[in-house]
Every structure is written in structure tokens, then in C-alpha cells.
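Peer 1: pasting the sequence and the predicted model now:
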Amino acid sequence: MKILLVEDDRTIASGLEYSLNQEDYETVLCHNAASATEVIQNNMNEIDLCLFDLSLPDGSGYDLCEFVKKRRDIPVIFLTAFDDEVNVVMGLDMGADDYITKPFRIRELISRIKTVLRRYHRHSEPKNTIEIQSIQINTLEGKVYKNGREVLLTALEYRLFLIFANHIGQVLTRAQLLDRIWDVAGDFVNDNTLTVYIKRLREKLEDDPQHPTLIKTVRGMGYKVGG
């Protein structure tokens, strides 16, 4: 379970990160809105819950909450100073799920996190969509969209891209990719063919295929998407 924690007070942030890790939650820690926005844009599919301080040096938890909710329906809990409590209603109206007032006891925060997650797990539908940058994969339909428009992929191109999408942020070697394609397709795919398919995917999905930002080459290691 991964939590995006955004808190500009480094002492509070460090204590929260330690406590969450002790409860077996993995944390992504940001100290400002800019770095949090970057995480949301590039790694949203890996985040299960967000903890946002309302007052940040370069923005607010309100803005981050709205940014998250437009991308995925995941829980958002606000961390707020006592004086901000009256303004939390606006955040709840924007889709936030709960808030907790500083100073708070860590056990109370953990309890609220567990309650919100249980509520989401009860009502969540099976996830049929994977989003990476401007690309959406509808696994139920077996279709890929870029900025809302369908991109026509061959069966093997789709399978290759789905392998990347299921391992966001991980470096996959050429050998690993070949093994996975062989296992599913049952067709012989050699190293040269893999190069061709990656080139085709970039031509269809990248804004600038000559300078790919979606399917990245990790020199001497392999390829990765996102992260």
C-alpha cells in the first residue's frame, strides 16, 4: 500500500513517514506542491491514498486534491492546522474523504487511513483502465487511447505495451520482454523483431518518437515506462 505524503514541515513529515513505514505503508514524500504534482502526473497508478497538508509554500492541498480526483478516484485526507479547520468543508466538497487537525496522535491518523481505505475497497469496481501520461489502456476492450482517441495497435504491439504498463517504473531487459511475449503469443519473436515493435509503438504513442518520454531506453539495461 503506497501513500503520497505532502507536508512542508520537514520535522512533521519525517515523523509521519517513519510512523507510516512502521505500519507497513510505503510512502512517497514531497515537501511542496510542485514535486507532488510531478508524482501525480507520472506515478498516479502506483498511489493508493494521499495525505495532503492544506497549506504549502507553493500551493495548497485543495489544488492537489482536485488534480488527483480528475485522474483517479483514490482517497485523499487533509492534514490541517486548527485555524484551517473551518475551511476544510471546501475541501470535502471538492472530493476529499477526511481531514485530521494538527497536532494529532499517530494512532488516530492510522485509524482514519484504514477506515477510508476499507470504504474504498468495499465500493471499488474492478480496474479496467491503466493511464500513463496521455495514454489510456482499456484492458476490458483491449484498446489503447491517446488523448481520448483510439490508437490502432496490432495484437503483438498491444501485448508488448501492456507488459510495459503492468511494470511501470521497472526496467525490463530485452530478454525479459522476449520471454513474456513468447509465453503469451506463442509466436517466435527474435531480438530484431522486438526492436521493430518498440520502434512502431513509439511512432504510434510518443509525441516525438525521436526523443521518447513514454517508452524510455535505459542504456545497457533495457526499457521502462514511467517512473
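Peer 2: Ah, there it is. It should be emphasised that the depicted structure is a prediction, and the values quoted were computed from it without experimental measurement.

Peer 1: low pLDDT regions in this structure?
Peer 2: Scanning the chain for pLDDT under 70 picks out 82-89, 91, 122-127, 182-188, 227.

Peer 1: the residue nearest in space to the middle of it: what secondary structure?
Peer 2: Residue closest to the average C-alpha location in the chain (Cα atoms, centre = their mean): Met44, at 1.8 Å. Secondary structure, DSSP: H, G, I helix; E, B strand; the rest coil: Met44 is helix.

Peer 1: need the contact list for Arg174.
Peer 2: Asp191, Leu194, Gly222, Tyr223 (Cβ atoms under 8 Å, 6 or more residues apart in numbering). For the C-beta atoms, the positions are set from N, CA and C on the backbone; glycine is no exception.

Peer 1: looking at these, which are in helices?
Peer 2: Judged by DSSP state H, the subset of the contacts of Arg174 located in helices is Asp191, Leu194.

Peer 1: what comes into contact with the lengthiest helix in the chain?
Peer 2: Assignment by DSSP H gives helix 106-123 as the longest helix of the chain. By Cβ under 8 Å, 6+ apart, the residues outside helix 106-123 that reach it are 1, 3, 15-16, 19-20, 23, 25, 48-49, 51, 74-75, 77, 97-98, 100.

Peer 1: same question, stretch 218-226
Peer 2: With Cβ under 8 Å, 6+ apart, stretch 218-226 has contacts from 42-43, 45, 132-133, 164-165, 167-174, 176-177, 198, 214-217.

Peer 1: apply 10 Å and report the result again.
Peer 2: 41-46, 132-133, 135, 160-161, 163-177, 194, 198, 201, 205, 212-217 (Cβ atoms under 10 Å, 6 or more residues apart in numbering).

Peer 1: quick check: Ile110 vs Leu51, distance?
Peer 2: Using Cβ to Cβ, to the nearest Å, we find Ile110 at a distance of 11 Å from Leu51.

Peer 1: now for these two: what residues contact both?
Peer 2: Common neighbours of Ile110 and Leu51 (Cβ under 10 Å, 6+ apart) are Leu20, Tyr25.

Peer 1: more crowded one of the two?
Peer 2: Leu51 (25 against 15; other Cβ atoms under 10 Å).

Peer 1: helix, strand or coil for that one?
Peer 2: Quick answer, by three-state DSSP: Leu51 is strand.

Peer 1: list the contacts for it?
Peer 2: Residues counted as contacts of Leu51 (Cβ under 10 Å, 6+ apart) are 3-7, 13, 16, 20, 25, 27, 29, 61, 75-79, 100, 109, 112-113.
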